[in-house]
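*Asks:* whatever this is, show me its structure:
(one chain, ligands or ions: 1)
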Amino acid sequence: MNASAGLVSDAKIKTAILGYGRSGSTLHADPLEGLPDQFAVTAICDIDPQAQAKARARFPCPVYSDYHEMLAAQDLDLVVIVTRSDQHCAMTCDCLRGGAHVLVTKPWAVAAGEAERMIATAAATGRQLLPWLPARWGCDLIRLKELVASGIIGEIFMVRRREFNFGLRSDWQTRKQFGGGYLLNWGPHIVDQAMQLVGGRVISAYGQLRQIINPGDVEDVFHAVLITQTGVILSCEYAIAVNKLPNWVIQGNRGTIFVKETAIEIHRTDLPETIDPQDYRTKVQITESREELTGGHRITMDNRYGDPFVVYPAIAQALRGAAPYPVTTDSALALSRVLDAIRLSNATNQVVPLS
Ligand SMILES: NC(=O)c1ccc[n+]([C@@H]2O[C@H](COP(=O)([O-])OP(=O)(O)OC[C@H]3O[C@@H](n4cnc5c(N)ncnc54)[C@H](O)[C@@H]3O)[C@@H](O)[C@H]2O)c1
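*Replies:* Numbering: from 1, shown residues only. So this is what the prediction gives:
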């Protein structure tokens with residue numbers, strides 16, 4: 001590591017995985033192992049003996065049960081934090097103070113106050129804090145941004161983003177004390193994507209949370225309505241339901257875009273310049289087109305939430321100072337504030353303004 005600038009100059013970025021569970025051992029271990037020119041996994045930490053055994057079988061590096069011990073023993077460039085959501089803030093601050101840059105999975109914080117603490121710690125230590133929001137690399141979001149920017153459906157006034165699932169869950173994600181609940185679990189994917197598509201600040205939030213089928217004490221359904229500074233309405237919903245409705249509906253003044261899994265339907269029209277006074281409304285020609293998600297993005301359902309093999313090279317570039325990390329801490333903090341506002345709105349049954 002180039003200590004003065006905090007940048008990594010070594011050939012391989014010496015990386016630790018903190019939390020070798022479902023996500024740590026796949027979404028993160030796979031690209032870290034699969035991009036050997038850029039990364040070397042030099043330490044892993046998990047408190048669970050089974051996870052430790054799996055890590056030892058795969059990586060020839062020390063495996064720890066205590067991350068403080070790991071930080072003391074290892075010269076690490078990067079720690080990737082993939083533990084339970086309630087653990088992220090304290091672990092991130094400890095790792096930054098221990099001298100490493102930190103990539104922290106979503107949700108990086110259970111509330112905006114934690115996000116602010118991590119940002120302050122990164123500033124004080126001169127280390128990089130990289131929020132993992134892979135849905136920003138989602139193949140649907142990337143294509144929709146291109147379509148919206150092309151003006152094909154005119155000015156956008158409403159974006160609906162939905163995901164449905166009828167599965168039961170019974171792990172820590174069903175418990176408030178562990179940072180569970182689907183607003184924190186899915187908000188960083190679908191609320192963030194809707195915000196990213198239109199850009200601009202969210203000025204108010206209304207939200208409802210419900211616990212429908214999961215055990216535990218947190219929501220498994222949320223529906224939020226957000227208003228942006230330019231007046232665009234964002235409707236974001238994660239629900240217990242069969243998966244038949246479109247995942248996205250983008251409404252503009254010249255057309256509508258539907259996304260159903262990996263298929264995009266574009267319906268567009270040109271309104272007449274004048275309206276026939278005999279007619280009670282104008283009749284317009286609707287042009288329809290349909291495409292499968294393409295354009296260089298690997299087409300799989302999973303890549304709707306970002307391809308880790310694309311995200312990790314961006315992380316390497318940021319740590320080497322070659323290019324800024326595309327997910328700024330300010331934008332991740334803005335998302336945390338919106339998620340807090342949705343939760344507060346549910347508790348008070350009021351629209352919550354955001355400054
Ligand atoms: N698409 C995505 O980006 C995505 C997908 C799934 C999960 N996640 C996020 O990843 C995080 C982990 O989720 P998961 O489903 O992998 O959970 P998990 O329970 O499978 O994994 C968490 C791991 O952390 C370990 N752990 C707990 N306390 C520890 C400690 N003190 N020190 C070291 N290790 C410790 C556990 O033993 C476990 O192996 C969550 O925040 C979740 O939101 C992100």
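*Asks:* check the closest residue to the ligand within the stretch 1-150 of the chain and give its pLDDT.
*Replies:* Nearest to the ligand, among the residues of the stretch 1-150 of the chain, is G21, at 1.9 Å (C-beta to the nearest ligand atom). From N, CA and C alone the C-beta is placed, and that goes for glycine too. pLDDT, G21: 98.
*Asks:* is A341 located within a strand, as I assumed?
*Replies:* No: applying DSSP: H, G, I helix; E, B strand; the rest coil, one finds A341 to be helix, outside a strand.
*Asks:* could you check how many residues crowd around it?
*Replies:* Residues lying near A341 (other C-beta atoms under 10 Å) number 22.
*Asks:* tell me how far it lies from T26.
*Replies:* In this view, A341 and T26 are 32 Å apart by C-beta to C-beta, to the nearest Å.
*Asks:* not counting sequence-adjacent ones, nearest residue to the residue of the stretch 251-355 of the chain found nearest the ligand?
*Replies:* Proximity to the ligand, evaluated over the stretch 251-355 of the chain using C-beta to the nearest ligand atom, is greatest for Y305 at 5.4 Å. Counting by C-beta to C-beta, 6 or more residues apart in numbering, A135 is the residue found nearest to Y305 once chain neighbours are left out, at 4.9 Å.
*Asks:* hang on, the earlier thing: wait, doesn't the residue of the stretch 251-355 of the chain closest to the ligand sit right on C139?
*Replies:* No: at 9.2 Å, Y305 does not count as touching C139 under the criterion of C-beta atoms under 8 Å.
*Asks:* residue contacts, A100?
*Replies:* A16, L71, L76, D77, L78, V79, R127 (C-beta atoms under 8 Å, 6 or more residues apart in numbering).
*Asks:* phi, psi for the last one please.
*Replies:* The phi and psi values for R127, taken as degrees, to the nearest 10, are phi -100, psi 160.
*Asks:* which residues touch it?
*Replies:* Counting by C-beta under 8 Å, 6+ apart, R127 has contacts G6, L96, G99, A100, H101, V102.
*Asks:* one more: the third one?
*Replies:* With C-beta under 8 Å, 6+ apart as the criterion, the residues that contact L76 are K14, T15, A16, T42, A43, M70, C95, G98, G99, A100.
*Asks:* quick one: pLDDT of the residue of the chain most remote from its centre?
*Replies:* Distance from the centre of the chain peaks at Q278, with 50.8 Å (C-alpha atoms, centre = their mean). Model confidence at Q278, given as pLDDT, is 70.
*Asks:* ok, and the closest non-adjacent residue to the one residue sitting closest to the centre of the chain?
*Replies:* A centroid search over the chain (C-alpha atoms, centre = their mean) returns L133, at 3.1 Å, as the residue closest to the centre. Closest residue in space to L133, ignoring its immediate chain neighbours: V327 at 5.0 Å, by C-beta to C-beta, 6+ apart.
*Asks:* ok, V242 to F258 distance?
*Replies:* Distance from V242 to F258, by C-beta to C-beta: 17 Å.
*Asks:* where along the stretch 151-300 of the chain do the helices fall?
*Replies:* For the stretch 151-300 of the chain, the helices defined by DSSP state H, counting those that start in this stretch occupy 182-198.
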